[in-house]
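using only what follows, build the 3D model:
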Amino acid sequence: MSTAVDLGAIRTARRRTVLLRWTIAIASVLVLAGIAAVAWFSPLLAIESVTAEGGGIVDAEAVRADVQESTVGTPLPQVRTGGLAEQLEAEHTAAADIEVSYAGPRSLHIVVTDRVPVVAVADGAQAVRYDADGAAIDTVPVDAADVPTLTVASQADAAAAARDGARLLTDIGGRLPGEAKTLAVGATGTFTLRLATEDGDAEVVFGTAEDAERKAQVASVLLDEGHDTIDVSVPDVPKVG
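This is a model prediction of the structure:
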């Protein structure tokens, strides 16, 4: 005995099922869009507070105040944290990084990371401090620089000298016995470093900033041997005075 199958009814049922699914999906999207629209404009999510931490060279409180002035009262979803962080970094150039994050439904939190000074270029009683990438950080009194001071010959490019000098000091960091005091660069790009060692002052001519690690290794051996005037501009053929 056979049972007749109503194909038309089956097709109709399937169409109804598909239509129902699409109706539910569209309704869900509309509900979510409505919620997003409400959140986008809702005063219930308006920013009320901004907190900040970090910094030292950069005044984190000043950064916080800038952000609070520009964002308080703005619904949180309208604040693009990435774009805001980029804007703050452009305004506060002494910062290596500024992070902005949501800290609840109505607040923002900021973390400021300073650039680290490596060298300072003296100009009279003032000095501009630079980081390892050669980026200018700030201007301070020479005696408050707290990093080796770079003296640049009048014919040399000060910005390029600061970049190369910062790279040299970063590359040789910790490889020489003694404390780096001053760094000088001549018109030809020759760097000379003055150190304070346990045995007194010493001078090391590095030449260019290239191959600084290798030059520092050679200079370290010669300093340990008691030499106080060393030229490692050609590290395979060092000279002592």
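
now the residue nearest the centre of the chain: how far from Ile137?
Taking C-alpha atoms, centre = their mean, the centroid of the chain lies closest to Ala96, which sits 2.6 Å from it. Computed with C-beta to C-beta, to the nearest Å, the distance linking Ala96 and Ile137 is 9 Å. In short, each C-beta sits where N, CA and C put it, glycine included.

again with Pro105
The value you get for Pro105 to Ile137, if C-beta to C-beta is used, is 36 Å.

more neighbours: which of these two?
The neighbour comparison of Pro105 against Ile137 (other C-beta atoms under 10 Å) goes to Ile137, with 22 against 13.

give the helix, strand or coil label for that one.
Here Ile137 is recorded as strand under DSSP: H, G, I helix; E, B strand; the rest coil.

and what of the one 3 residues further on?
Assigned by three-state DSSP, the conformation of Val140 is strand.

contact partners for it?
120, 126-127, 129 (C-beta atoms under 8 Å, 6 or more residues apart in numbering).

so where do the strands sit in the chain?
Counting by DSSP state E, residue ranges of the strands within the chain are 49-54, 95-102, 107-114, 119-123, 126-130, 136-141, 149-152, 179-185, 191-197, 200-207, 229-231, 239-240.

quick one: the first one to chain centroid distance?
To tie it back to what came earlier, the one meant is strand 49-54. Centroid displacement of strand 49-54 relative to its chain, using C-alpha atoms, centre = their mean, to the nearest Å, is 18 Å.

with that, I have no additional questions.
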